[in-house]
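[1] Below is the sequence, then the predicted model.
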Amino acid sequence: MRYNVDREHLHAFLRDQGLTEAEINILSIQFAHSGVQFGLSDRTRASYRPYTRTINIYTHANLPAQVMNVSFLHELRHHMQVMRQTIDLEWLNLPYRERPHEIDARLFADQHKNVVLIF
C-alpha cells in the first residue's frame with residue numbers, strides 16, 4: 001500500500017501543537033518497506049528514532065490509511081516529547097504499556113485521530 005503525508009497540513013498541525021519552525025523542520029519522515037531490518041516485528045506500523053528525529057512509516061503493514069494515521073500521530077507525539085525533553089530515561093525500565101511517554105502518545109493519537117495527515 002502506498003501512503004502519502006500532507007506536509008502542509010502536518011506543519012500547520014505541529015505549529016498548533018506549539019512546535020517551532022526549527023523543531024518542525026528537523027523532523028524527517030521516511031517510508032520503509034519493513035521494520036524487521038530495525039529489529040521490529042512485522043506488526044510494527046511506525047517508529048520514531050529520537051537521535052535522527054526520524055519517523056519511519058512501514059508500508060509492509062498494508063493497513064488502511066486511517067489506521068496508519070493513528071500510528072503516525074503516536075510517533076509525532078514522541079517527536080514533540082523529545083523536542084520538549086519530557087521523556088525520563090528511567091521510564092525505559094518500566095513495562096512498555098506503563099511508560100508515561102507511551103501512555104501520553106496513545107492518548108494524544110486517540111485525541112487527534114480525526115486529524116488526517118496520512119492518506
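    Received it, and whenever you're ready, just let me know what you need. Residues are numbered from 1 along each chain as shown.
[2] rest of the way, CA atoms for contacts and neighbours
    Will do.
[3] In contact with the residue positioned nearest the centre of the chain, which residues?
    For the chain, the residue sitting closest to the mean C-alpha position, by C-alpha atoms, centre = their mean, is E75 at 1.4 Å. E75 makes contact with A46, S47, Y48, I55, A105, according to C-alpha atoms under 8 Å, 6 or more residues apart in numbering.
[4] next one: Q66
    Q66 touches V116, I118, F119, counting by C-alpha under 8 Å, 6+ apart.
[5] Generate a PyMOL selection restricted to the buried entries among those.
    To isolate the buried ones among those in PyMOL, judged by 16 or more other C-alpha atoms under 10 Å, type:
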select buried, resi 116+118
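[6] can you give me the offset of stretch 78-95 from its chain's centre?
    Chain-centre distance of stretch 78-95: 13 Å, with C-alpha atoms, centre = their mean, to the nearest Å.
[7] Can you show me the strands along the chain?
    Here the chain has its strands, by DSSP state E, at 28-32, 46-49, 54-58.
[8] Can you spell out which helices and strands pack onto the last one?
    This points to strand 54-58. In terms of contacts (3 or more C-alpha pairs under 8 Å, 6 or more residues apart in numbering; DSSP states H and E), strand 54-58 is packed against strand 28-32, strand 46-49, helix 65-84.
[9] can we see that at 6 Å?
    Secondary-structure packing of strand 54-58 (3 or more C-alpha pairs under 6 Å, 6 or more residues apart in numbering; DSSP states H and E): strand 28-32, strand 46-49.
[10] Please name the strands paired to that strand in the sheet, noting orientation.
    The sheet places strand 54-58 alongside strand 28-32 (parallel), strand 46-49 (antiparallel), with pairing taken from DSSP bridges.
[11] thinking in terms of the whole chain, how far from its middle is the last one?
    Between the centre of strand 46-49 and the centre of its chain there are 6 Å (C-alpha atoms, centre = their mean).
[12] now swap in the longest one and tell me
    Between the mean C-alpha location of strand 28-32 and the chain-wide mean there is a distance of 11 Å, by C-alpha atoms, centre = their mean.
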